[in-house]
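Peer 1: Got a predicted structure here, sequence first:
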Amino acid sequence: MANLYRETLNELWDTNKEVYEILRNSDSVETAREKLYNYLIDLEKRIYYGDIDVHPLERINMKECIRVFKNILAPKNEELSGFSALRLLWLLANERFSEIDVEVSVGFIEEFKHLFKGIIGNSGIYDGKEEPIFLKLKGREAAIVRSDELDKLAEYAKKFMDRYPSGLLEGVKKRREENKKRILEYFGGDEEDWNDWKWHLKHIIKDSKTLSDLIDLTEEEIKAIDLAVKNHIPFGITPYYVSLMDKDASREYDHAVRAQVIPPLDYVEKMIKARSNREKLDFMGENDTSPIDLITRRYPMIAIIKPYNTCAQICVYCQRNWEIKEVLSKDALAPKNKLEEAIDWFRKHESIKEVLITGGDPFILNDKFLDKILSEFAEMKHIDRIRFGTRIPVVLPQRITDNLADIIEQYHEAGRREVVISTHVEHVYEVTEDLANAIQKIRKRGICVYNQEVFTIENSRRFETVALRKLLRLIGIEPYYTFNTKGKEETRRYRVPIARLLQEQKEEARLVPGVERIDKPIFNVPRLGKVNLNAWQDHEVIMITPDGRRVYEFHPWEKNISLANTYIYTDVPIYDYLKELERRGENLEDYKTIWYYF
């Protein structure tokens with residue numbers, strides 16, 4: 001550990017000699033705290049008086065970094081987070097290594113290297129960049145130069161997006177046609193079977209033997225699937241979705257598809273440990289927000305009803321993985337009396353204007369059942385909108401039949417009641433002609449379809465989500481929410497730092513037309529609900545842990561409306577995330593500004 005300190009600490013202290021001298025020359029942590037606060041206040045004063053000669057954009061970043069450092073120094077935030085980064089910095093500066101009782105990571109050092117640079121206007125964000133030439137010009141000449149510069153930005157974005165093939169490319173379609181033939185031959189089916197959604201449900205792949213007969217699997221994938229099946233961890237994939245996976249196991253292109261349904265080994269092991277108390281996995285605290293069985297309510301005018309508690313296949317990082325027993329579980333359908341009680345609850349609560357029918361996946365239910373539940377809600381005059389939450393268009397587009405679309409359409413009345421669909425497309429590799437045709441079948445009947453993307457390690461490379469947004473718009477799906485992956489420890493491998501989602505919104509999504517980037521970046525606060533990550537006023541960094549994780553204090557959406565507690569969240573380390581991107585072949589220089597998104 002001492003070697004790590006000596007090799008990296010000099011680099012850290014060199015970034016800001018004044019901070020180092022304060023830490024080094026303070027006889028206690030409290031003395032250091034007082035001196036650092038005075039230093040930061042003086043620095044701020046000089047910024048506001050215009051005594052620091054830096055570019056306005058660097059000055060703005062200085063103020064944000066100072067704010068974060070002040071938060072980290074606060075005794076109250078040490079209490080909230082259960083850790084003092086200041087004490088650790090003081091011990092490191094004074095080389096009192098024997099008193100350090102935690103393992104200090106490179107991620108911790110990197111966080112403070114960038115923070116120390118930021119507070120003195122030396123972030124390096126704008127190194128090598130010059131002010132645009134067009135600012136010195138006027139009229140048409142300025143416009144032409146500006147247009148040329150914008151062309152370069154567009155080409156910059158396109159260079160990245162071209163790296164991510166979609167399911168609409170001819171080469172990909174050809175491979176998947178071969179996959180389909182192989183799957184049909186294996187199960188003894190034909191083209192008519194393939195177009196029948198019920199045939200797919202009869203042939204859900206539920207074990208590694210069947211899956212490995214259809215595609216190549218790595219030893220770890222086989223081990224994880226076998227362990228999951230043995231311990232009754234839900235696992236299953238539709239034949240259609242298997243056809244989206246490449247035959248070889250390299251994950252070069254189908255990484256997001258495989259990761260969606262093939263669980264990592266560490267996920268399975270954590271799920272097994274939690275088996276005796278699955279409710280510990282209830283990250284969103286749904287038990288605390290269910291006024292009656294089958295219903296979840298976190299907001300004033302919308303509530304969720306869950307009539308069917310399973311799916312055609314299981315997403316590994318599912319919010320409700322703790323509730324689902326198995327794919328197509330025989331007891332997944334809610335008992336008739338409980339469903340009637342839940343629907344009656346909506347009748348009695350006229351403040352509810354929108355009902356979200358989800359689960360599980362309600363589109364696995366037959367047409368007659370869906371017609372009945374739609375009619376029940378359509379009779380309630382206070383219900384303005386009925387929304388379905390479903391991934392069926394992505395994993396089993398054959399289910400979107402003309403008859404189903406007709407049933408939905410009859411309850412959609414302009415000016416009276418809206419029926420909409422929220423789906424969950426994660427990657428351009430999931431976008432196929434089958435998905436596009438299913439969506440168009442719905443859209444041509446006047447029904448809007450929205451996408452809720454979960455921002456994971458699998459779709460977080462530069463412009464990877466931009467590529468998805470663009471393609472979704474072209475097939476008729478509107479981007480709606482981009483969720484920060486929920487902070488469930490069992491799915492840590494999927495999680496991405498909040499800073500990366502904020503960086504994506506500012507540096508990537510902002511480059512495309514507005515109708516392609518209408519989605520909001522969202523963090524889900526347990527028990528309370530969604531917080532918009534673009535709003536500084538709703539969250540702040542309060543600490544850095546020894547392993548390099550940022551600790552956030554999230555404010556509830558009720559702030560300024562009613563009293564509700566804040567929520568303390570510990571993120572995944574930016575450093576670890578960047579190392580994983582590097583392992584996947586990314587150039588970390590492309591992500592260097594990530595440290596300055598708070």
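Peer 2: Good, I have the coordinates. A quick note: this is a predicted structure, and the numbers were derived from the prediction, not measured. Numbering: from 1, shown residues only.
Peer 1: Quick check: I568 touching F83?
Peer 2: No: counting by CB atoms under 8 Å, I568 stays clear of F83, with 11.3 Å between them. C-beta coordinates here come from the backbone N, C-alpha and C atoms, glycine included.
Peer 1: Run a quick neighbour tally on the residue lying closest to K117 once chain neighbours are set aside.
Peer 2: Using CB to CB, 6 or more residues apart in numbering and skipping the chain neighbours, the partner closest in space to K117 is T15 (5.0 Å). Close neighbours of T15, defined as other CB atoms under 10 Å, add up to 18.
Peer 1: would you list every one of the strands in the chain?
Peer 2: 295-296, 302-308, 354-359, 385-389, 418-423, 448-455, 478-484, 520-525, 529-532, 539-544, 550-554, 567-570 (DSSP state E).
Peer 1: TSV for those strands, including distance to D226, mean neighbour count and mean pLDDT?
Peer 2: Shown next, in TSV, are the strands of the chain (distance: least, CB to CB, whole Å; neighbours: other CB atoms under 10 Å; pLDDT from 0 to 100):
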stretch	distance to D226	mean neighbour count	mean pLDDT
strand 295-296	34	21	96
strand 302-308	28	22	97
strand 354-359	27	21	96
strand 385-389	31	20	98
strand 418-423	31	22	98
strand 448-455	26	21	98
strand 478-484	30	21	95
strand 520-525	32	21	91
strand 529-532	37	18	88
strand 539-544	39	22	97
strand 550-554	36	22	96
strand 567-570	32	17	94
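Peer 1: Relative to I144, which of those is closest?
Peer 2: Closest approach to I144 among these (CB to CB): strand 478-484, 32.6 Å.
Peer 1: Would you state the helices of the stretch 451-598 of the chain in chain order?
Peer 2: 464-475, 498-507, 574-583 (DSSP state H, counting those that start in this stretch).
Peer 1: List the buried residues of the second one.
Peer 2: For helix 498-507, the buried set under the neighbour-count rule, 16 or more other CB atoms under 10 Å, comprises 498-505, 507.
Peer 1: helices and strands around that helix, which ones?
Peer 2: strand 448-455, strand 478-484, strand 520-525, strand 550-554, helix 574-583 (3 or more CB pairs under 8 Å, 6 or more residues apart in numbering; DSSP states H and E).
Peer 1: mind giving me the domain split of this protein?
Peer 2: 2-119, 273-596 (automatic domain parsing).
Peer 1: deepest of those, which one?
Peer 2: Mean neighbour count (mean count of other CB atoms under 10 Å) peaks for domain 273-596 among the domains of the chain, with a mean of 18.
Peer 1: show me what contacts N534?
Peer 2: 502, 505, 520-521 (CB atoms under 8 Å, 6 or more residues apart in numbering).
Peer 1: for L57, that is, sorry about that
Peer 2: 125-126.
Peer 1: how much space between it and I125?
Peer 2: Plainly put, L57 is 8 Å away from I125 if you go by CB to CB, to the nearest Å.
Peer 1: ok, now A249?
Peer 2: 39 Å.
Peer 1: Verify the contact between V454 and Y481 for me.
Peer 2: No: using CB under 8 Å, V454 makes no contact with Y481, being 9.1 Å away.
Peer 1: any common contacting residues for those two?
Peer 2: With CB under 8 Å, 6+ apart, V454 and Y481 have no common neighbours.
Peer 1: buried residues in the top helix by length along the chain?
Peer 2: Longest helix in the chain by number of residues (criterion: DSSP state H): helix 139-161. By neighbour count on 16+ other CB under 10 Å, the buried set for helix 139-161 is 145, 157, 160-161.
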